[in-house]
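Novice: Please work out how this folds:
(chains A and B)
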Amino acid sequence: MVQNIVVGLIIGGAAFYLGRRFYLSFSHKKQPGCEKCAMNAEKK
Amino acid sequence: MKKVVLFGNPNTGKSSIFNRLTGLQQKVGNFPGVTIDKLSSVITENRKSVELIDLPGTYSIYPRSKDEEIVYNIISNSSHKDYPSLAVVVLDATNLERNLLLCTQVYDLGIPTVFVLNMTDIASRKKLIINTDALQEAFPEAEIVRCNARIGTGIPELKHLIIHSSKRRSESVTNLIAIDDTVAQAIDTENRFKRIKNICSAVVSKQEDVASKSRKIDRWLTHPFFGYLIFFLLLLIIFQTVFTLASYPMDWIDVGFSSLSKWVNASMSPGLLTELIADGLIPGIGGVLIFIPQIALLFFMLGVLEETGYMARVVFIMDKLVRPFGLNGKSVVPFISSAACAIPGIMAARTITSWKERITTIMVSPLISCSARIPVYTLLISVVIPDKTVGGIFNLQGLVLFGLYFLGVFAALLVAWVMKKILKSKELSIFLLEMPDYKSPRWANVGIEVFKKVRVFVFDAGKIIVAISILLWALATFGPGNSLETAEQRVLKANKTLTSKEKEELVASAKLEASYMGYLGKAIEPVIKPLGYDWKMGISLLTSFAAREVFVGSLSTIYSVHQEDDQRLLVDKMKEQTTADGKPVFNLASGLSLLVFYAFAMQCMATLAIVKRETKSWKWPLIQLGYMGAMAYIGALITYQILN
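Specialist: As a prediction, this is how the structure comes out:
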């Protein structure tokens, strides 16, 4: 039972993370994330 | 807080000085145009702080491109939030004549100014003698500091001067900002150069006239024939090395994650959480980490070439090659950046003054194979291309990887040529490039860049891959109603005579097909079947829409679900996948078709977002998504139909 709840939370968290990331990329509330080049990390 | 702004021509070492002063690790490179946006940081000494701002390099305060506009916007408006209380102008001591144009302009604005004479070591090697007193005489209000950002000499003095300078703004000599038409700007520039010539004759003297080592090397590296040949051979060596050297650590990582998955299955109590960790998370994370050796090796070698100054020569020789396609040499810098990631490449297109060339560069840059394609390329090559030597020295797999990079470049040039025919513009195409001297690479810089790229690949791309792996696992583990149980019963009933291992494999396959993922995959199968893909490959294509590298993690998760005891490597699992009639799923035709698909397809949400931001319109990213998708589908279809 506990395992099922933990799994449900993990799946919900993953879906929320992807949805939020998609929204932030196109709403320009955040610099589009660059997966490879660390552009964001360099910006202050 | 006091604002201190770093000005200077491109490639004078501003960012290196910025890094030395702030302790940050902003990207530096031995070619012009590395900094394309404003960066800032606070520096402190004896409890006194100032904000230091690094701007893109510019030859003059009169702007010609997007990045130069950033400088102009700040300096032309004294109420701008970043208007400097102190201007620090970085000068390349080896080329004072050209650098002094910007100096005289900033100085004449009346802003308190510090001149930083950088690269004094190279000036000495070139037998140049800089008379600082004469320079001081020409600019009596300015402070002058000698620096060598490479080794850090003069930095403490500069920091002290920046933080504790108490000079106030004086009356500007000329109202430069009022000179806003290009003819008046040209006349002003010409007059300034006359003045600069006089200053330089007093400031710079040369011990003896010797042909520099750089010029001698350039005779070969920029030669109309040998220049291209050397570049071609260098790339060939890089891709061969990436494939052969990286294979050892990749195997260790793969074996390590397979064992970890097995260990988790054996030591945790059976249940959904154990399945999620062992069959969803661990294969997903392993799918990301396995590509660290290749990415690190590729960027190490590209970093060395960049540090030495060779990339500027590449830009120079490529100018002639790309002009017939409606581009100019400045497009090559975004292309080189795009080999790492299209996002900095597209941003680097800001340095291109012609609108037509800039939009063309933005539109074709994502066709240059980026680091996210490496995992997809190398995995598929390992599965469908035999590991054998060709011509006695070349590894066939390395040659195919090299070919895929060329396919990307060829496609980019082809699309650029089409855009040249479609887009109309009367703007002149001007390409000016300052050739930096060759330097020995700063290994710390190369190391930092490699580390940064690996870190971001693992943590940023990794997060997306892990999140998608979790969702894929959920889609593959659950199905509508009790469809999974029904499928299992059906298989067991129909195959009573098989061994338990054979039954297990059939049950796993039937359960996957009965899951939500199976339903989704079957729904898209008619669209991808002509390309030679089965529904599992289709699911991986769909999930990698946001980021290409997710393809590998997705396949890794799909082939692990429902197969608790199967700890074979992903490559082996893929090789053993068969269709209903017993033929391999990943054969030469379907494998090459997939490679062509990934060479052309957009499959990167972040790139689309940055194109929208840079072009300030949805039109261009949507056209890009459309044409790249069409090229990918048609290219993959032709490849499969011919080879099959």
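Novice: Mind checking if stretch B:323-340 is in reach of chain A?
Specialist: Yes: with CB under 8 Å from any CB of the partner chain as the criterion, chain A is reached by stretch B:323-340 at B:337, B:340. Using the backbone N, CA and C atoms, a C-beta is placed for each residue, glycine as well.
Novice: how long is that stretch end to end?
Specialist: Separation of the first and last residues of stretch B:323-340 by CA to CA, to the nearest Å is 23 Å.
Novice: Number of residues surrounding residue A:22?
Specialist: For residue A:22, the neighbour count with other CB atoms under 10 Å in any protein chain shown is 13.
Novice: Is it located within a helix, as I assumed?
Specialist: Yes: according to DSSP: H, G, I helix; E, B strand; the rest coil, residue A:22 belongs to a helix.
Novice: I'd say it and residue B:605 touch.
Specialist: Yes: using CB atoms under 8 Å, residue A:22 makes contact with residue B:605 at a distance of 6.7 Å.
Novice: Contacts for the strand or helix carrying residue B:89 next, please.
Specialist: Element membership of residue B:89 [criterion: DSSP states H and E] is strand B:86-92. Strand B:86-92 is contacted by residues B:2-9, B:11-14, B:17, B:50, B:98-100, B:102-103, B:106-107, B:109, B:111-119, B:158, B:162, B:165, B:167 when judged by CB atoms under 8 Å, 6 or more residues apart in numbering or on different chains.
Novice: buried subset of those?
Specialist: For the contacts of strand B:86-92, a burial check counting by 16 or more other CB atoms under 10 Å in any protein chain shown picks out B:3-9, B:11-14, B:17, B:50, B:98-100, B:102-103, B:106-107, B:109, B:111-119, B:158, B:162, B:165.
Novice: Looking at stretch B:203-214 now, give me its mean pLDDT.
Specialist: For stretch B:203-214, mean pLDDT is 65.
Novice: Just the terminal-to-terminal distance for it.
Specialist: From its first residue to its last, stretch B:203-214 covers 24 Å (CA to CA).
Novice: Kindly report the same for stretch B:374-392.
Specialist: End-to-end distance of stretch B:374-392: 25 Å, with CA to CA as the criterion.
Novice: how near is residue B:324 to chain A?
Specialist: Applying CB to the nearest CB, to the nearest Å, the value for residue B:324 to chain A is 30 Å.
Novice: Neighbours of that residue, how many?
Specialist: 11.
Novice: what's the answer for the one 4 residues further on, then?
Specialist: Using other CB under 10 Å, residue B:328 has 21 neighbouring residues.
Novice: Flag the shaky bits of the chain, pLDDT-wise.
Specialist: Assuming you mean chain A. A:25-44 (pLDDT under 70).
Novice: actually it's chain B I care about, not the one you picked
Specialist: Segments of chain B classed as low confidence (criterion: pLDDT under 70) are B:25-38, B:168-180, B:207-212, B:243, B:426-430, B:460-461, B:501, B:546, B:561-568.
Novice: Chain neighbours aside, what residue packs nearest to residue B:423?
Specialist: residue B:356 (5.0 Å; CB to CB, 6 or more residues apart in numbering or on different chains).
Novice: Spit out the contact partners of that neighbour.
Specialist: By CB under 8 Å, 6+ apart, the contact set of residue B:356 is B:326, B:419, B:420, B:423, B:424, B:425, B:427.
Novice: likewise residue B:600?
Specialist: Contacts of residue B:600 (CB under 8 Å, 6+ apart): B:367, B:411, B:628, B:631, B:632, B:635.
Novice: Could you pull up the residues touching residue B:555?
Specialist: So residue B:555 contacts B:287, B:379, B:536, B:537, B:540, B:570, B:574 (CB under 8 Å, 6+ apart).
Novice: Could you look up the next helix or strand downstream of the helix or strand hosting the second one?
Specialist: So that's residue B:379. Per DSSP H and E: residue B:379 is located in helix B:373-384. Per DSSP H and E, the first helix or strand lying C-terminal to helix B:373-384 is strand B:389-390.
Novice: mind listing what that following strand pairs with, with the direction of each?
Specialist: Using DSSP bridges, strand B:389-390 pairs in its sheet with strand B:394-395 (antiparallel).
Novice: Off-centre distance for the strand or helix carrying residue B:229?
Specialist: If you go by DSSP H and E, residue B:229 is part of helix B:226-267. Distance of helix B:226-267 from the chain centroid (CA atoms, centre = their mean, to the nearest Å) equals 19 Å.
Novice: And for stretch B:305-316?
Specialist: That offset, for stretch B:305-316, works out to 16 Å (CA atoms, centre = their mean).
Novice: got the end-to-end distance for that stretch?
Specialist: This stretch, stretch B:305-316, spans 14 Å end to end (CA to CA).
Novice: Check which residues of it are buried.
Specialist: B:305, B:306, B:307, B:308, B:309, B:310, B:311, B:312, B:313, B:314, B:315, B:316.
Novice: which among the residues you listed gets closest to chain A?
Specialist: Set against chain A, the nearest of those by CB to the nearest CB is residue B:306 (13.5 Å).
Novice: Tell me how far that closest one lies from residue B:264.
Specialist: Applying CB to CB, to the nearest Å, the value for residue B:306 to residue B:264 is 42 Å.
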